[in-house]
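Chemist: Sequence first, then the predicted structure, then my questions.
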Amino acid sequence: MAEATTERRTDYGPPHYEQFLPPIIKENYGKWKYHEILKPGVMVHVSETGAQLFTVRAGSSRLLSIDKIRMYCDLADKYCGGYLRFTSRHNVEFLLTDRAHIEPLIADLAKLGHPVGGIGNSISSIVHTQGWVHCHSAATDASGVVKAVMDELIGHFTHTDLPGKLRIALACCLNMCGAVHCSDIAILGIHRRPPRVDHSRLKKTCEIPNVSASCPTAAIRPTVIDGLETVEVIEERCMFCANCYTVCPAMPLNNPLNDGVSIWVGGKVSNARHEPMFSKLAIPYLPNTPPRWPEVTEAVRNLVELWAKNARKYERMGEWIERIGWPKFFRMAGIEFRKEHIDDFKHAGLTFKRSTHLTF
Amino acid sequence: MASEFPNTPMLDELEKGQWPSFVTEIKMAAKRSPMSRDLLGLLERSYRERIGHWKHGGIVGVMGYGGGVIGRYSDLPEEFPNISHFHTMRINQPAGWFYTSQALRSICDIWEKRGSGLTNMHGSTGDIILLGTKTDELEPVFLELQKIDFDIGGSGSDVRTPSCCCGKARCEWACYDTMNACYDFTMTFQDELHRPAFPYKFKFKFSGCPNDCVASIARSDMSIIGIWRDNIQIDQNAVREYAQKGMDIRADVVENCPAKCMDWDGQKLTIDNSYCRKCMHCINAMPKALAPGKDRGATVLLGSKAPIVEGALLSSVIIPFIKMEPPYQEIKDLVQKIWDIWCEEGKNRERIGEFVQRVGLGNFLEALEVEPVAEMVAHPRENPYVFYEEYFEEDDAEGETEKG
Ligand code: HEM
Ligand code: HEM
Ligand code: SF4
Ligand code: SF4
Ligand code: SF4
Ligand code: SF4
């Protein structure tokens, strides 16, 4: 380690955003009056001053090489005076002042293999996490599943042919770094086998009180095995959250025979019409089948098509299901309702049906 | 073997199809970077075996910082020596994710020299993620980032990199300046951002309106969402224009209003604003005709999180309406009080939302010295087991006595 010096600069924070704003934005900051979607993936914002700002939004794989970022930079230099931005869903946006640049830019993006879309009543890029590319607790890959699903659904990215917005998210374990729990469709990696305790390593790598305390269901108890201080897991109490593994690497859950994917539906974060909602369990388990996860892509496509065919204009997945009722949703989707669909964690009773508002 | 381009029949399948492929990205980087080459080999192996090959990290970082670097080690170091360590660096992104090509190129140059050449633009919390470097490169990367004014973000039990929607930069709906607030909070809480001292992480997210484009209500411990409290601005001519162009205003707008507070007689759109829930639907549907009111500010909500440890939560209202003017002192004072209570009483790895659930919102408000208001609940309690805190004794002449 280098030695500490008094001049060492720390805590200076991110660069101030103002130096990265194109002149048209600086001039019209806070003065935007309205916007229109000109075509899929392209909008115009019109200012009180009459200025027009065009946005071209392109999908990306989120995991980007510096080579690709440089290619984006070249396009920004060529068409946008060197300015660009990214969105909260990992899309890249080019901000133009010249309407005539829109089509050439889209053509150049197509040459790079980056489709334009994701605005309005369409699917935007899938928010996702690291998976096997970079995380220790992943029960499935992230980028691979997302790539396979988006190949299937790309037509709904490049067209605004859906009843409302559709937001898909993927997290490779229950940690949900991508906060998928409020998405129209959430793809969630799950473990289904309790942790295997590495008794010889546990005491050396972990603090036993912390490990016991990490378990939300108190499934972990201190114990002594062959004279070694360690812990045991009461397997019936384990719901595979991997919390213990995050605290203690000597308790791995990753397991090719049992890991897989669950599908959740009907969540949203925006307040439009209906209040924000959590996603709810639709399919408890699908297998991990790399490289293209056909079971997952097909399940997601079926859900999207079912909703697209049956929802009213503007109705998000969850709003549609709430209107028709969950039993009807399960029947229409052809999904078998099973014990796993019934909540058995905290306040589970609030999710039971407490009325006769039923459809047959 | 390590420096060869590995054989990746399974990953190659993911270069087919129209959506941009992350495999193509890793291969581009692998032309120069032995780390990215080894990553391809390791990932192919995960695809074959259906299991990840990363161990979670020991503590690594740059001098003077406790957070911002996530240690990552492969469990197959002999086979893939170039990624035996492959740490993530979180870089604090500029507010709203606006860049110049020049700034991005400078980051690329650093990462070409000292990392794998792979990034996430961006991670789910908002930072620029520089994916994969060796322990002895961490400090040099930081020194080079300093020269271009990019600082490290948060990780561990501290303030995580705050993020915001593009707000007033490019959105007519922004009810306050999200980018200014995000930058200001980030600068104010630098110490808490870089030196973990909390029971667990604490995230701020700033959305300019109830559409909540950065999902703050689901993904941040403190969600600051723009809102207005006067009347929706209506341009009746523009409404009629939408109607003429074929919009079914009754079906598409009026009947979707959750407050049922709108009416349309074919000529004029009326809104009983005292019932409007500020849901944004009608404004989203007719951006040219409707706009949020002029008396704008924000609702501050507290406590959302993903499931770990005690289950997922959405944020709930703590200040129904506040004007959002720099330096945002009132909210910052509240934040400080919240942290004081949580650091004192919170359990290890207990997020603020879980803490509030455990001690009770009523008790938490009392400790904060915030008055309870009806906007904080969806409805009042249903269960009759109330902890009344005061009662009278028979011989109590004065009236109230504190419970014994
Ligand atoms: C310790 C808890 C409880 C006790 C000891 C209790 C006791 C009783 C008793 C003795 C009755 C019958 C009264 C009668 O018919 O004269 C009753 C009725 C009732 N209880 Fe409870 N109860 C409890 C909790 C609850 C809870 C939690 C709920 C609802 C959430 C509830 C809802 C009702 C209802 C709706 C009735 C009326 C049934 C009717 O009128 O047909 N009770 N309770
Ligand atoms: C210790 C707890 C409780 C006791 C002893 C109790 C007792 C009773 C009794 C005796 C009745 C019947 C009244 C009548 O027939 O005129 C009743 C009715 C009722 N209770 Fe409870 N109750 C309790 C808790 C609750 C709770 C927690 C709820 C709601 C969350 C509840 C909801 C109701 C309702 C809605 C009725 C009216 C049912 C109807 O429509 O006829 N009760 N309760
Ligand atoms: S969701 Fe889980 S597996 Fe995926 S990146 Fe986050 S912690 Fe890792
Ligand atoms: S996986 Fe979760 S529930 Fe199972 S033992 Fe570990 S902490 Fe407990
Ligand atoms: S949250 Fe609202 S103000 Fe911010 S970008 Fe989204 S729509 Fe615009
Ligand atoms: S904002 Fe929502 S609640 Fe308010 S008038 Fe419009 S549709 Fe109705």
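Modeler: Received it, and whenever you're ready, just let me know what you need. Numbers count the residues shown, from 1 in each chain, chains lettered A, B, ... in the order given. Ligands and ions are numbered 1, 2, ... in the order given.

Chemist: Output the below-cut-off pLDDT ranges for the chain.
Modeler: With no chain named, the answer covers chain A. Counting by pLDDT under 70, chain A shows low-confidence ranges at A:1-7, A:179.

Chemist: should've been chain B
Modeler: B:1-3, B:57-58, B:397-404.

Chemist: tell me which parts of it are close to ligand 2?
Modeler: Contact residues (C-beta under 6 Å from any ligand atom) of chain B with ligand 2: B:382, B:383, B:384. The C-beta positions use only the backbone N, C-alpha and C, and glycine is treated the same way.

Chemist: To what extent is the second one buried, counted in neighbours?
Modeler: Translated: residue B:383. 5 (other C-beta atoms under 10 Å in any protein chain shown).

Chemist: got the residues of the stretch 151-300 of chain A near chain B?
Modeler: Proximity of the stretch 151-300 of chain A to chain B, by C-beta under 8 Å from any C-beta of the partner chain, involves residues A:151, A:154, A:171, A:174-182, A:210, A:213-214, A:216, A:241, A:243, A:246-247, A:249, A:254-256, A:259, A:269-274, A:276, A:278, A:288, A:290-292.

Chemist: Please, a ChimeraX command that selects the buried ones among those residues?
Modeler: Buried residues within these, by 16 or more other C-beta atoms under 10 Å in any protein chain shown, are selected in ChimeraX with:
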select /A:151,154,171,174,175,176,177,178,179,180,181,182,213,214,216,241,243,246,247,249,254,255,259,269,270,271,272,273,274,276,278,288,290,291,292
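
Chemist: Name the residue of the stretch 1-150 of chain B that lies nearest to ligand 2.
Modeler: Nearest residue of the stretch 1-150 of chain B to ligand 2, counting by C-beta to the nearest ligand atom: residue B:124, 38.5 Å away.

Chemist: correct me, but residue B:301 touches residue B:223?
Modeler: Yes - using C-beta atoms under 8 Å, residue B:301 is in contact with residue B:223, at 4.3 Å.

Chemist: Show me where the stretch 201-350 of chain A has its helices.
Modeler: A:208-214, A:243-247, A:294-310, A:317-324, A:326-333 (DSSP state H, counting those that start in this stretch).

Chemist: and these as TSV, adding distance to ligand 2?
Modeler: Putting the helices of the stretch 201-350 of chain A into TSV (distance: least, C-beta to the nearest ligand atom, whole Å) gives the following:
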stretch	distance to ligand 2
helix A:208-214	33
helix A:243-247	33
helix A:294-310	34
helix A:317-324	23
helix A:326-333	23
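
Chemist: re the thing from before, return the closest of the residues of chain B next to ligand 2 with respect to residue A:68.
Modeler: residue B:382 (53.8 Å; C-beta to C-beta).

Chemist: Can you tell me the SS state at that closest one?
Modeler: Per DSSP: H, G, I helix; E, B strand; the rest coil, the local secondary structure of residue B:382 is coil.

Chemist: now it: how far from ligand 6?
Modeler: 26 Å (C-beta to the nearest ligand atom, to the nearest Å).

Chemist: Now that residue, what are its backbone angles?
Modeler: phi -100, psi -20 (degrees, to the nearest 10).

Chemist: neighbours of it, just the number please.
Modeler: 6.

Chemist: That one and ligand 3: what is the separation?
Modeler: In terms of C-beta to the nearest ligand atom, residue B:382 sits 35 Å off from ligand 3.

Chemist: With residue A:265 instead?
Modeler: Applying C-beta to the nearest ligand atom to residue A:265 and ligand 3 gives a distance of 19 Å.

Chemist: Quick check, that residue in contact with residue A:282.
Modeler: Yes - using C-beta under 8 Å, residue A:265 is in contact with residue A:282, at 4.6 Å.

Chemist: Report the set of residues contacting both of these two.
Modeler: residue A:303 (C-beta atoms under 8 Å, 6 or more residues apart in numbering or on different chains).

Chemist: which of the residues of the stretch 151-300 of chain A next to chain B are close to ligand 5?
Modeler: Within those, nothing lies near ligand 5 by C-beta under 6 Å from any ligand atom.

Chemist: Tell me which of the residues of the stretch 151-300 of chain A next to chain B fall in strands.
Modeler: residue A:171 (DSSP state E).

Chemist: got the contact list for residue 182?
Modeler: Let's take chain A. Neighbours of residue A:182 in contact, by C-beta under 8 Å, 6+ apart: A:267, A:268, A:269, A:276, A:277, A:278, A:279, B:215, B:217, B:218, B:314.

Chemist: other chain: chain B
Modeler: B:95, B:96, B:162, B:163, B:164, B:204, B:206.

Chemist: Sticking with it, tell me its helix or strand.
Modeler: Assigned by DSSP states H and E, residue B:182 belongs to helix B:178-188.

Chemist: Mind listing what's buried along that helix?
Modeler: Applying 16+ other C-beta under 10 Å to helix B:178-188 flags B:178, B:179, B:180, B:181, B:182, B:183, B:184, B:185, B:186, B:188 as buried.

Chemist: on that earlier part again, just say which of the helices of the stretch 201-350 of chain A is most tucked in.
Modeler: helix A:243-247 (a mean of 23; mean count of other C-beta atoms under 10 Å in any protein chain shown).

Chemist: can you tell if that one touches ligand 3?
Modeler: No - contact of helix A:243-247 with ligand 3 (C-beta under 6 Å from any ligand atom) is absent, the minimum separation being 7.4 Å.

Chemist: and the residue nearest to residue A:223 when sequence neighbours are not counted, what does it touch?
Modeler: Take residue A:223 and drop its neighbours on the chain: the residue closest to it by C-beta to C-beta, 6 or more residues apart in numbering or on different chains is residue A:232, 4.6 Å away. Counting by C-beta under 8 Å, 6+ apart, residue A:232 makes contact with A:197, A:220, A:221, A:223, A:225.

Chemist: Start and end of stretch A:121-137, how far apart?
Modeler: Using C-alpha to C-alpha, to the nearest Å, the end-to-end distance of stretch A:121-137 comes to 34 Å.

Chemist: actually stretch B:105-124, not the one I typed
Modeler: Stretch B:105-124 has its terminal residues 22 Å apart, counting by C-alpha to C-alpha.

Chemist: Just the buried positions in it, please.
Modeler: Buried residues in stretch B:105-124, counting neighbours by 16+ other C-beta under 10 Å, are found at B:105-108, B:110-112, B:114-124.

Chemist: what does chain B put close to ligand 6?
Modeler: B:257-259, B:261-262, B:271, B:276-282.

Chemist: Counting only helices, which of these make the cut?
Modeler: B:281, B:282 (DSSP state H).

Chemist: about what we covered before: please say which of residue A:265 and residue A:282 ends up with more neighbours.
Modeler: residue A:265 (25 against 22).

Chemist: And the closest residue to residue B:148 other than its chain neighbours, its phi and psi?
Modeler: Distances taken as C-beta to C-beta, 6+ apart place residue B:106 nearest to residue B:148, at 4.6 Å, with adjacent residues excluded. Main-chain dihedrals, residue B:106, degrees, to the nearest 10: phi -60, psi -40.

Chemist: Tell me which residue of the stretch 151-300 of chain A lies closest to ligand 5.
Modeler: Counting by C-beta to the nearest ligand atom, the stretch 151-300 of chain A gets nearest ligand 5 through residue A:270, at 8.3 Å.

Chemist: was I right about that residue contacting residue B:280?
Modeler: Yes - assessed by C-beta under 8 Å, residue A:270 is found in contact with residue B:280 at 7.2 Å.

Chemist: Find residues that contact each of those two.
Modeler: B:210, B:211.

Chemist: Please report phi then psi for residue B:118.
Modeler: Torsion angles at residue B:118 (phi, psi; degrees, to the nearest 10) stand at phi -110, psi 140.

Chemist: Report the beta-bridge partners for it.
Modeler: Counting by DSSP bridges, residue B:118 is bridged to residue A:65, residue B:131.

Chemist: Would you mind measuring from it to ligand 3?
Modeler: In terms of C-beta to the nearest ligand atom, residue B:118 sits 15 Å off from ligand 3.

Chemist: Need the phi and psi values for the residue of chain A most remote from its centre.
Modeler: Relative to the C-alpha centroid of chain A, counting by C-alpha atoms, centre = their mean, residue A:227 is the outermost residue, at 45.1 Å. Note on residue A:227: its backbone torsions stand at phi 80, psi 0 [degrees, to the nearest 10].
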